[in-house]
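A.B. asks: 3D, please:
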Amino acid sequence: MRTDPRTVAAVAAGGGLGGLARYGLTSVVHGPWGTLLVNVVGCALIGVLMVLLPRLHPLARPFFGVGVLGGFTTFSGYALDVVHLGWSAFAYLLGTLLLALGATFAAMAVTRRVTT
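C.D. replies: Model prediction:
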């Protein structure tokens with residue numbers, strides 16, 4: 001299977017931008033709260049993207065979804081925060097999961113309502 005160079009370039013460019021955005025946000029909101037904010041905002045944005053995707057350019061998914069939002073959100077930072085939180089880690093794990101899923105579904109619903 002061959003990968004289109006334009007797709008690879010879109011993912012790379014988007015990943016760089018997403019990583020910079022995450023760095024910027026977590027330099028303002030430190031520690032687990034910054035990671036939580038990044039992941040919940042990223043999930044809301046992926047919800048918006050999934051609704052809009054059929055209307056967008058074919059390179060929008062690799063650029064925004066895999067690249068920007070893949071570089072912006074962080075599972076590794078989430079896992080590291082859990083290690084450092086001790087007993088409150090369970091609340092952080094569950095809270096992040098519920099907030100992220102809620103943000104995704106809410107953003108999808110709002111985007112559908114706004115765009116129809």
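A.B. asks: Burial check on the closest residue to Leu17 other than its chain neighbours, number of neighbours?
C.D. replies: Distances taken as Cβ to Cβ, 6 or more residues apart in numbering put Val68 closest to Leu17, at 5.4 Å, once the chain neighbours are dropped. The way it works is simple: take the backbone N, C-alpha and C, and place the C-beta from them, glycine included. Applying other Cβ atoms under 10 Å, we find 26 residues neighbouring Val68.
A.B. asks: What of Gly71?
C.D. replies: 22.
A.B. asks: State which helix of this structure is the longest.
C.D. replies: helix 89-115 (DSSP state H).
A.B. asks: centre of the chain versus that helix, how much separation?
C.D. replies: Taking Cα atoms, centre = their mean, to the nearest Å, one finds helix 89-115 lying 11 Å from the centre of the chain it belongs to.
A.B. asks: Could you do stretch 47-58 as well?
C.D. replies: How far stretch 47-58 lies from its chain's middle: 15 Å, per Cα atoms, centre = their mean.
A.B. asks: Repeat that for stretch 39-48.
C.D. replies: Counting by Cα atoms, centre = their mean, stretch 39-48 is centred 5 Å from the centre of its parent chain.
A.B. asks: Over to stretch 30-42?
C.D. replies: Worked out by Cα atoms, centre = their mean, stretch 30-42 lies 10 Å from the chain centre.
A.B. asks: ok, residues contacting it?
C.D. replies: 22, 25-26, 28-29, 69, 72-74, 77-78, 81, 84-85, 92, 95-96, 99-100, 103 (Cβ atoms under 8 Å, 6 or more residues apart in numbering).
A.B. asks: ok, 7 Å please
C.D. replies: With Cβ atoms under 7 Å, 6 or more residues apart in numbering as the test, stretch 30-42 has contacts from 22, 25-26, 29, 69, 72-74, 77-78, 81, 85, 92, 96, 99-100, 103.
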